[in-house]
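# What shape does this take:
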Amino acid sequence: MNRSIKEYKADARFMLRGNYSLLIMSMILISLIHSTLSSLFASSTSTFNTTGVFIQLFAEFLINLLILLGYAGVLKMVLNIMRHEPVSSGMIFYAFKDKADRYITASILLVLYCSIPMLLSTFLSALFVPDDLVQIANTITLSEISVLFTKEFLTFVGISLALSLASYIVVILMMIPFLFTYQILSDNPDMAGLAAVRESGKLTRGHYGRILRTLLSFLGWMFLGLLTLGIGYLWIIPYIVATLTSLYTDLTQTGYAEKDAGEEDYSSFAQPNE
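Here you go, the predicted structure:
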């Protein structure tokens, strides 16, 4: 059954009734972990020398890996809520306890894959760093603060923001085939991480446009989240995750009824674990 985006969202809103507080608390915990770790690494390294750049990139890799594993727990919560199965706050650590090597492998692959446009963006931005800023980056004083208002610096900021925005858009597009990796791992406890990444690609094949339209339907909500300085995302992200979970359930139950000849049938993914 090819359901509409409105139906997926209606499922999500119904699913979230009475469960929002648990998901919001999980989002807050993940956000606190992310901001704390990012601040610790940012304060201890400089991004204006080669060693500092590599340390910062490696730190970001580890942080993103940890955060992805946390989100895997949130996805498991939402999947259980949809299937009327038990849910608890401890499930945020689900990926660390349920054959963690599978989730770690999948997360490493996804982080490395999505790091390509981010690294390219960082490299291109570095080409436009003003020489004056590099020289005083670690010892800037009030008398030198004027360097932040030069034409070269403002150009650097503008280019960096544009490249960052472009890289985020590219990452989202690149991630669409692998959106359901963690759900597949949850539904298939004996499946390896790499296999789950591949199966997600197969599951989304032929449905890329529908998934993209579903994500684009949240643009208004995302802008609203920006206006609230990010606080609104505590409500918006669970809504998006629940909507995509409804879409995942639809694809695994009926999406392969219209598969091309010769493709495998993965409808068993929709079956909850006994």
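
# Low-confidence bits of this protein, can you list those?
Low-confidence segments of the chain, defined by pLDDT under 70: 1, 42-53, 118-119, 121-153, 156, 254-274.

# From the centroid of it, which residue is nearest?
residue 68 (6.8 Å; Cα atoms, centre = their mean).

# Apart from its neighbours in sequence, what residue is nearest that one?
residue 107 (4.4 Å; Cβ to Cβ, 6 or more residues apart in numbering). C-beta here means a position set from N, CA and C on the backbone, and glycine is covered the same way.

# What helices and strands are in contact with the helix or strand that contains the one you found?
Using DSSP states H and E, residue 107 maps to helix 100-126. Judged by 3 or more Cβ pairs under 8 Å, 6 or more residues apart in numbering; DSSP states H and E, helix 100-126 is in contact with helix 50-82, helix 94-97, helix 151-175, helix 181-187, helix 193-204.

# Let me know which of those helices is tucked in deepest.
Highest mean neighbour count of the helices and strands packed on helix 100-126: helix 181-187, a mean of 25 (counted as mean count of other Cβ atoms under 10 Å).

# list the helices and strands that helix packs on?
helix 50-82, helix 100-126, helix 193-204, helix 233-254.

# now it: how far from the chain's centre is it?
Counting by Cα atoms, centre = their mean, to the nearest Å, helix 181-187 is centred 15 Å from the centre of its parent chain.

# With stretch 24-33 instead?
14 Å.

# roughly how far apart are the spatially closest residue to residue 182 that is not a sequence neighbour and residue 107?
The spatially closest residue to residue 182, leaving aside those adjacent along the chain, is residue 72, at 4.3 Å (Cβ to Cβ, 6+ apart). Here the criterion is Cβ to Cβ, to the nearest Å. By it, residue 72 lies 7 Å from residue 107.

# what do those two both touch?
Taking Cβ atoms under 8 Å, 6 or more residues apart in numbering as the contact rule, residue 72 and residue 107 both touch residue 95.

# could the helices and strands packed on helix 100-126 go into TSV alongside distance to residue 39?
Shown next, in TSV, are the helices and strands packed on helix 100-126 (distance: least, Cβ to Cβ, whole Å):
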stretch	distance to residue 39
helix 50-82	11
helix 94-97	23
helix 151-175	19
helix 181-187	27
helix 193-204	30
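
# Which residues are in contact with the closest residue in space to residue 185 that isn't next to it in sequence?
Excluding its sequence neighbours, the residue lying closest to residue 185 (Cβ to Cβ, 6+ apart) is residue 196, at 4.6 Å. By Cβ under 8 Å, 6+ apart, the residues touching residue 196 are 102, 106, 181-182, 184-185, 188.

# try residue 232
Residue 232 touches 221, 224-225, counting by Cβ under 8 Å, 6+ apart.

# try 6 Å
224-225 (Cβ atoms under 6 Å, 6 or more residues apart in numbering).

# With residue 91 instead?
Going by Cβ under 6 Å, 6+ apart, the list of residues near residue 91 reads 73, 76-77.

# In JSON lines: these, plus distance to residue 237.
JSON lines is the format used below for these (distance: Cβ to Cβ, whole Å):
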{"residue": "73", "distance to residue 237": "13"}
{"residue": "76", "distance to residue 237": "15"}
{"residue": "77", "distance to residue 237": "12"}
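
# List just the nearest of the residues you listed to residue 157.
Comparing these against residue 157 with Cβ to Cβ picks out residue 73 as the nearest, at 36.1 Å.

# Hmm, residue 94 and that closest one touching each other?
Yes. In terms of Cβ atoms under 6 Å, residue 73 counts as a neighbour of residue 94; the distance is 4.3 Å.

# Need the overlap of contacts for the two.
By Cβ under 6 Å, 6+ apart, no residue touches both residue 73 and residue 94.

# Contact partners for residue 246?
Taking Cβ under 6 Å, 6+ apart, one finds 8, 11-12 in contact with residue 246.

# Narrow those residues to those in helices?
Using DSSP state H, the subset of the contacts of residue 246 located in helices is 8, 11-12.

# List of residues touching stretch 27-36?
So stretch 27-36 is in contact with 67, 70, 234, going by Cβ under 6 Å, 6+ apart.
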